[in-house]
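Engineer: Sharing a sequence plus its predicted fold:
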Amino acid sequence: MISKFTRKVMLTMVIAAGAIAVFASNSWAADKIELRMATSGSETDQRSVAMVEVFAPMVADFIDFKPSYNSTMFAQGTELDAISRGNLEMSIASAQELAQFFPEFSIFATGYVHQDAAHQVAVFNDPLMDSFKETTENELGVKLLSVMYLGRRHVNLRQSKDELTVMTPADLAGVNLRMPGTDAWQFLGSALGAAPTPIAFSEVYTSLSTGAVDGQDNPLPTVVDAKFYEVTKQIILTSHLVDLNYIAISKEFWDNLTPEQQATMQQAADAAAESGRQKQLELEDSLVAFLKEQGLEVYEPDLAAFRSHVQAQYIGSEFAKSWPEGVLEAINSLGN
Ligand code: KDO
C-alpha cells in the first residue's frame, strides 16, 4: 500500500516534472531565433511558397521564420538597405537592386545574358561570383545564399495584336512600358525599344487597368499570379531577361549562427531555390495555354532582332563599363 505521504511526494514530483516540461518547451520556443523575410512577391508566388514549405521546415529547430509579402514590410527595392541597417534579416533580392549599390551587378540584369535556369545556377556557383559575393558581404553586410529562378520576362501589353503587332524593337517605339524602379531596369526597357516608366510592382495592376501605362514585362507565372492577364490583351514572347533573385541574408545574423546551423540553413536555402525553380519551369510551360484560354494573343517576335538590338545598347554603356574584365566571357562560357 502506498502511504498518504508517498502519494503526496509522487504527486508533487509529477507536478514538478510537468512544470519543468512546460518551462523547457517555452524556453525552447523563446530560444528560436526570429528571422524576418520581406519580399515584394505574393504569398502564392512560387519563391514565397518554397521558402515557407521547404526552407522554413528545414530550419525549424532553431529558426522562427516570419515572412511578409507584397512589400507590406518594406517598399520594393528598400529591403537590402533595411538588412544593411539591421532592420531586417532576409529578402528575395534582385540583381537590379544590388546594382544600385554595386553597378557591376548589372551584368546579371542585362538582357540576353543568362540563357536558362541551369545557366543561372552554374553562374552563381562559379568562382566568377566570388568577388561579387565578397563585395556584398563586406560592403553591404548582405550574404547571398542561393539563386532563385523568376523566369523568362516577356512584354505584356494592353493593346490587342490588331491594334499593335510587335515583331521588332522598332514596333515598341513610344510604348509606355512599366519597368521596376531602378536604373538597370529602366535601361533594359529602353534597350527593348520602349519608353520605360518606373512603377512599384504593387501598383502595376492598377496602372494597367487605368491605362496609366501601355504594358509591363514579367515572366508568365507572375502575369498569372498577379492577374495581369485580366487587364492586358497580348504577350510578346521576347524572353529578354532570364530573371533571377537571390536569397539574401544579413551577414551579421549569419555570423551569429553556429557552423552546424549555417550548414543546415545553406542546405535549406538551396533546397527551397531548387523547389521553386522546378515549379516556375513547370508553370512557364503550362501557362501559355491558360493565357490563350483567357483570350490573350501569345506569340513570338523576331527574337534575333530583339537580341541584337538589346545587346547593341549595352555595348559601351555605363553599365558595361562597370563589369569586371572577362566576366561576360566567363558567363558565356558556362552556357550552351
Ligand atoms: C517586378 O517588379 O516586375 C518584379 O518582377 C521584379 C523582380 O525582381 C521581383 O522582385 C518581382 O517583381 C516581385 O517579387 C514580384 O513577383
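Structural biologist: Received, thanks.
Engineer: Ignoring the adjacent residues along the chain, who's closest to A170?
Structural biologist: G193 (6.2 Å; Cβ to Cβ, 6 or more residues apart in numbering). (Glycine included, C-beta is placed from N, CA and C.)
Engineer: Look up how far Q96 lies from that neighbour.
Structural biologist: Distance of G193 to Q96, given as Cβ to Cβ, to the nearest Å: 19 Å.
Engineer: any idea which helix is longest in the chain?
Structural biologist: Ordering each helix of the chain by length in residues (DSSP state H) puts helix 259-293 first.
Engineer: Compare G193 and Q96 (neighbour count), which wins?
Structural biologist: Using other Cβ atoms under 10 Å, the more surrounded residue of G193 and Q96 is Q96, with 25 against 22.
Engineer: so what secondary structure elements neighbour the next helix or strand after the longest helix of the chain?
Structural biologist: Next along the chain after helix 259-293, taking DSSP states H and E as the criterion, comes strand 297-299. In terms of contacts (3 or more Cβ pairs under 8 Å, 6 or more residues apart in numbering; DSSP states H and E), strand 297-299 is packed against strand 234-250, helix 259-293.
Engineer: Can you name the next helix or strand after the lowest-mean-pLDDT helix or strand in the chain?
Structural biologist: Ranked by mean pLDDT, DSSP states H and E, the weakest helix or strand in the chain is helix 4-31, scoring a mean of 50. Using DSSP H and E, the helix or strand that follows helix 4-31 in sequence is strand 33-38.
Engineer: S131: neighbour count?
Structural biologist: Residues lying near S131 (other Cβ under 10 Å) number 11.
Engineer: Downstream of whichever strand or helix holds it, the next helix or strand is which one?
Structural biologist: Secondary structure from DSSP H and E places S131 in helix 130-135. Downstream of helix 130-135, the first helix or strand assigned by DSSP H and E is strand 142-157.
Engineer: wait, does the helix or strand that comes right after that following strand make contact with the ligand?
Structural biologist: Using DSSP H and E, the next helix or strand after strand 142-157 towards the C-terminus is strand 176-179. No. Judged by Cβ under 6 Å from any ligand atom, strand 176-179 and the ligand are separated, with a smallest distance of 7.4 Å.
Engineer: just the angle between the following helix or strand past strand 176-179 and strand 234-250, please?
Structural biologist: Per DSSP H and E, the first helix or strand lying C-terminal to strand 176-179 is helix 183-191. Angle, helix 183-191 to strand 234-250, by axes from the mean of the first three to the mean of the last three Cα atoms, to 10 degrees: 160 degrees.
Engineer: And the ligand, is helix 183-191 touching that?
Structural biologist: No. Applying Cβ under 6 Å from any ligand atom, one finds helix 183-191 separated from the ligand by no less than 7.7 Å.
Engineer: what's that helix in contact with?
Structural biologist: Residues from elsewhere that reach helix 183-191 (Cβ atoms under 8 Å, 6 or more residues apart in numbering): 95-96, 99-100, 105-106, 109-111, 177, 179, 195-196, 198, 217, 240-241, 309-310, 313-314, 317, 319.
Engineer: quick one on the thing from earlier: I'd guessed the residue nearest to A170 sits against L172; true?
Structural biologist: Yes. With contact defined as Cβ atoms under 8 Å, G193 reaches L172; the gap is 4.0 Å.
Engineer: Could you give the separation of the helix or strand that contains V49 from the chain centroid?
Structural biologist: Secondary structure assignment for V49, by DSSP H and E: helix 46-50. The chain centre lies 9 Å from the centre of helix 46-50; the measure is Cα atoms, centre = their mean, to the nearest Å.
Engineer: could you say what helices and strands that helix packs with?
Structural biologist: The contact analysis (3+ Cβ pairs under 8 Å, 6+ apart) places helix 46-50 against strand 142-157, helix 259-293.
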